[in-house]
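Asks: would you be able to build a 3D model of this:
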Amino acid sequence: MGRILYFFIFICLNLYAEGLLSVYGKGSLKVDPDSLIVSMQIFTQGKNLVDAKDKNDEISKKVEEILYKNGIEKDQIQIENLNIYSRQDYESKDLNSKFYEASKNINLHLKTLQNHIDLINSLLKIGISSINLNYTRSDFNNQKNLALQEALKEAKQKAVMLATTANKNLGDILEIEELISNTLPYFTKSAQDFSENLNGVIIVDSKVKVKFKLNP
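Replies: Okay, here's the model as predicted:
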C-alpha cells in the first residue's frame with residue numbers, strides 16, 4: 001500500500017513540475033424515455049414440421065390481433081422469417097426419434113409509451129417466449145451533450161482542488177479528450193423479470209480527460 005501511494009505522489013509531482021495537470025471527469029444523467037423498441041420471439045415445438053409451424057402461426061395470429069387492437073401501424077412492425085428445424089429427441093428410446101422447433105422474431109417501434117404496459121401484458125399472456133424492452137429517447141444526442149458538460153464541470157472542480165493543494169494556479173485548458181463510456185441509450189428488461197413495474201429509465205454516461213496548464 002505504501003509503495004502504491006508513493007508512486008501516485010511521484011506521478012503527481014512530475015505533472016506539477018512540468019506545469020501540466022491531467023484530470024478525469026464523469027457526467028451521468030437519468031432521463032425518462034419517450035419511445036420503446038419491443039423485441040419478441042415466438043417459439044413453438046411440434047411432433048412434425050407442420051405441427052410446429054401451425055402452433056407458431058396460431059400465436060402469430062393472436063399477436064397481430066393484439067397489435068391491431070392497440071392501433072399499432074404496419075410501419076412500426078418488423079417480422080422476420082419463420083425458421084423451422086429438427087431436433088434429436090434424446091429422451092426417446094428410439095434413436096431416430098425427432099421433434100421440430102419453429103421460431104419467429106418480431107420487432108415493434110412504439111412511438112409513444114401510452115398504454116404500453118397493457119400491450120406488453122397482453123402479449124405475454126398468449127404464449128410469447130421472450131420479450132425485451134429497449135426504452136429510447138428521441139433527443140438522446142442532446143442528453144449526451146448535457147452529460148458531457150457535467151463531466152467537464154467535474155474535471156474542472158478536480159483540477160482546481162489539486163492545483164490549490166499543490167499551491168499552484170490553474171491555467172488554461174490545453175486539451176480535452178472524450179473517453180469511451182458504457183452508456184446505452186436504453187434500459188433493457190427481460191420478460192422473465194417483469195413484475196408490476198415495467199417502466200424504463202435511460203442512463204446517459206459521459207467521460208472526459210482534460211489537460212490543464214499549471215502556473216506558479
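
Asks: tell me where the protein has helices.
Replies: 2-17, 49-69, 116-125, 140-165 (DSSP state H).

Asks: just confirm Val23 contacts Leu162, I think it does.
Replies: Yes: shown here, Val23 and Leu162 form a contact pair, counting by CB atoms under 8 Å, at 6.9 Å. Backbone N, C-alpha and C define where each C-beta goes, glycine included.

Asks: now tabulate the helices of the chain in JSON lines and tack on mean pLDDT.
Replies: Converted to JSON lines, the helices of the chain look like this (pLDDT from 0 to 100):
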{"stretch": "helix 2-17", "mean pLDDT": "46"}
{"stretch": "helix 49-69", "mean pLDDT": "94"}
{"stretch": "helix 116-125", "mean pLDDT": "88"}
{"stretch": "helix 140-165", "mean pLDDT": "94"}
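
Asks: nearest to Val31, of the ones you listed?
Replies: The minimum distance between Val31 and these falls on helix 140-165, with 5.5 Å, by CB to CB.

Asks: now for that closest one, which elements pack on it?
Replies: strand 20-31, strand 169-179, strand 202-215 (3 or more CB pairs under 8 Å, 6 or more residues apart in numbering; DSSP states H and E).

Asks: out of those, which is closest to Phe99?
Replies: The nearest among the helices and strands packed on helix 140-165, by CB to CB, is strand 202-215 at 41.6 Å.

Asks: for the closest one, which strands pair with it and how are they oriented?
Replies: strand 20-31 (antiparallel), strand 169-179 (antiparallel) (DSSP bridges).

Asks: and these, which is most packed in?
Replies: The highest average neighbour count among the strands paired with strand 202-215, using mean count of other CB atoms under 10 Å, belongs to strand 20-31 at a mean of 17.

Asks: where's that strand relative to the chain centroid, distance-wise?
Replies: Relative to its chain's centre, strand 20-31 lies at 20 Å (CA atoms, centre = their mean, to the nearest Å).

Asks: return the distance of the residue lying closest to Asn115 once chain neighbours are set aside relative to Asp94.
Replies: In this structure, Asn115 finds its nearest non-sequential neighbour in Asn70, 7.0 Å apart by CB to CB, 6 or more residues apart in numbering. As for Asn70, its distance to Asp94 is 45 Å (criterion: CB to CB, to the nearest Å).

Asks: among these two, which residue is more densely surrounded?
Replies: Asn70 (16 against 7; other CB atoms under 10 Å).

Asks: sounds good, over and out.
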